[in-house]
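Undergrad: model this:
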Amino acid sequence: MDDLDAYGRDYVPQAAASVADHAIRSGDRYVGRRDLLRAIAVADSGAEADVQLGVDPGTFYCADQLANLIALSGEPAFAGVLTGFIHVPPDRSTGAVAAAATHLLPRSDNLQQCARVVAAAARELSQGTFYSTIVLTAFGPFAGVSDNPTAAFVAEPANLDRVVRLAAPGLAPIEREPLRMGALHRFAGEGRELTLATAVLPLAATPADALAGRYFDPDTTADNFRRALAEIAAAQPPRAIVSLGVDSGQVLRPARPAFRVETQTRGFHGATRGRTASDAFQRHLELARLFLRARARGDGPLRFRPDGASESSPV
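TA: Modelled structure (predicted):
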């Protein structure tokens with residue numbers, strides 16, 4: 001059993017896990033002590049955020065989405081398609097409480113760091129290939145998160161251009177094609193092409209409903225994801241599907257912001273079980289292995305701590 005295969009197997013979530021927005025994460029202590037990635041994303045300002053391997057995406061839509069991605073990867077139509085989930089930290093534009101959280105960073109720093117994290121994956125996925133399509137999904141607002149940074153990230157072409165500059169400097173944007181539920185951003189150069197396909201998944205019928213906590217049930221959100229993915233796949237069959245979600249619990253945890261490449265989930269959405277939920281953790285290591293491969297290379301968009309270096313997150 002290698003280190004990654006063992007990672008998280010002995011993790012035990014808190015006994016009284018809360019469904020409340022700001023208490024959905026319980027793996028900080030485990031990750032702070034045992035994280036294998038030990039990476040840092042640096043913004044232009046010099047601001048740093050940790051990049052880690054998570055062991056528990058909580059009991060909100062993020063957890064359910066990772067379970068959906070795990071189920072998707074087992075279907076014949078998506079055989080060979082890498083899937084995974086990355087938790088993004090909140091920033092001072094995320095909501096009213098976040099605006100006063102001095103440990104959080106400005107939106108511009110968060111988006112630049114997010115571009116580096118996504119670029120690390122895109123670099124590994126596009127190496128040695130003539131053509132590749134990577135799907136990036138994000139979530140819209142929800143209670144306590146009036147401005148979701150993941151939606152902001154995929155909605156602004158400049159962020160996606162930055163990803164590609166970091167991942168494949170020889171590629172330049174050639175075309176942006178709007179879709180009913182998303183968009184295609186095509187890049188080309190040096191005899192190869194890369195497409196970033198994006199979609200934002202709403203969590204309620206309207207933004208007002210989302211902010212009030214009147215959410216869709218998890219199966220409805222899963223169906224919306226499938227519809228967006230079907231539209232993208234009809235135009236550009238994907239090489240990988242990576243979903244982004246904000247870890248809003250970091251608003252109340254006074255530590256340096258952290259991105260989490262999640263490695264396992266039970267897929268619960270509060271007390272409501274979606275069709276992909278499981279009593280035991282479903283483990284999914286594809287995306288984590290990609291980031292560890294980037295670490296082994298030792299260069300690229302992220303900076304890596306030496307083996308054995310201590311984490312800055314609370315333990």
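
Undergrad: drop to CA atoms for contacts and neighbour counts, all remaining ones
TA: OK.

Undergrad: For the protein, which segments count as strands?
TA: Ranges of strands within the chain are 39-42, 48-54, 82-88, 131-139, 172-178, 183-189, 192-201, 240-246, 258-262, 264-265, 268-269, 272-273, 282-283, 303-304, based on DSSP state E.

Undergrad: Contacts only, for residue 269.
TA: 59-61, 63-64, 218 (C-alpha atoms under 8 Å, 6 or more residues apart in numbering).

Undergrad: could you dump the strands of the chain to JSON lines with distance to residue 100?
TA: Formatted as JSON lines, those follow (distance: least, C-alpha to C-alpha, whole Å):
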{"stretch": "strand 39-42", "distance to residue 100": "22"}
{"stretch": "strand 48-54", "distance to residue 100": "18"}
{"stretch": "strand 82-88", "distance to residue 100": "18"}
{"stretch": "strand 131-139", "distance to residue 100": "23"}
{"stretch": "strand 172-178", "distance to residue 100": "36"}
{"stretch": "strand 183-189", "distance to residue 100": "34"}
{"stretch": "strand 192-201", "distance to residue 100": "26"}
{"stretch": "strand 240-246", "distance to residue 100": "17"}
{"stretch": "strand 258-262", "distance to residue 100": "18"}
{"stretch": "strand 264-265", "distance to residue 100": "31"}
{"stretch": "strand 268-269", "distance to residue 100": "28"}
{"stretch": "strand 272-273", "distance to residue 100": "32"}
{"stretch": "strand 282-283", "distance to residue 100": "36"}
{"stretch": "strand 303-304", "distance to residue 100": "28"}
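
Undergrad: Kindly present those as CSV, with separate columns for mean pLDDT and distance to residue 122.
TA: Formatted as CSV, these follow (pLDDT from 0 to 100; distance: least, C-alpha to C-alpha, whole Å):
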stretch, mean pLDDT, distance to residue 122
strand 39-42, 98, 15
strand 48-54, 98, 15
strand 82-88, 98, 11
strand 131-139, 96, 8
strand 172-178, 97, 15
strand 183-189, 97, 13
strand 192-201, 97, 9
strand 240-246, 98, 9
strand 258-262, 98, 14
strand 264-265, 96, 21
strand 268-269, 82, 28
strand 272-273, 83, 32
strand 282-283, 97, 22
strand 303-304, 98, 16
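
Undergrad: List just the one of those that sits closest to residue 155.
TA: strand 192-201 (7.9 Å; C-alpha to C-alpha).

Undergrad: In the contacts of residue 269, which residue is surrounded by the most others?
TA: residue 64 (29 neighbours; other C-alpha atoms under 10 Å).
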